[in-house]
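Peer 1: Here is a sequence with its predicted model. Questions after.
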Amino acid sequence: QVHVVESGGGLVQTGASLTLSCAASGRTSSSYTMAWFRQAPGKEREFVASISWSGGSTDYAESVKGRFSISKELAKNSVHLQMKNLKPEDTAIYYCATPITAWGALSRKMHEYEYWGQGTQVTVSS
């Protein structure tokens, strides 16, 4: 059974930086795409960023491009989301997700990720 756990959320001020981490345990390989999604109060969950199984390719939502950076630690089967210049509109619960299938392509579609963490709250005050 794959278990996904996020960490690193918190309360910060506008313009601050924060790094989220996600670890996927229960796998013998790190050859899986990993992604971050977020859900703000009263809104639908949305794609934030994804990274390929090798760590060589990344994809970002337009709203975070240039401010967020996703990276992968292959040996630890974990992924990090470095967030800079945070804005109040970045306030949300951030979820880490990974698919069942290894070596998959990058995807922004939630239904293509079968394993999800419980989420970590990020609050940006103005």
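Peer 2: Ah, there it is.

Peer 1: okay, now H3: neighbour count?
Peer 2: 11 (other CB atoms under 10 Å). C-beta coordinates here come from the backbone N, C-alpha and C atoms, glycine included.

Peer 1: From the centre of the chain, point out the most distant residue.
Peer 2: S126 (23.1 Å; CA atoms, centre = their mean).

Peer 1: residues in contact with it?
Peer 2: Neighbouring residues of S126 by CB atoms under 8 Å, 6 or more residues apart in numbering: 14, 88.

Peer 1: Quick check: it vs G15, distance?
Peer 2: Distance of S126 to G15, computed by CB to CB, to the nearest Å: 10 Å.

Peer 1: Over to H80?
Peer 2: Taking CB to CB, one finds H80 at 20 Å from G15.

Peer 1: Then V5?
Peer 2: 28 Å.

Peer 1: Can you tell me the closest non-neighbouring residue to the residue most central in space within the chain?
Peer 2: Against the mean C-alpha coordinate of the chain, by CA atoms, centre = their mean, the closest residue is W36 at 2.2 Å. Nearest in space to W36, with sequence neighbours left out and distances taken as CB to CB, 6 or more residues apart in numbering, is V48 at 4.2 Å.

Peer 1: what sits against the one you found?
Peer 2: Contacts of V48 (CB under 8 Å, 6+ apart): 35-38, 60-61, 64, 68, 81, 94.
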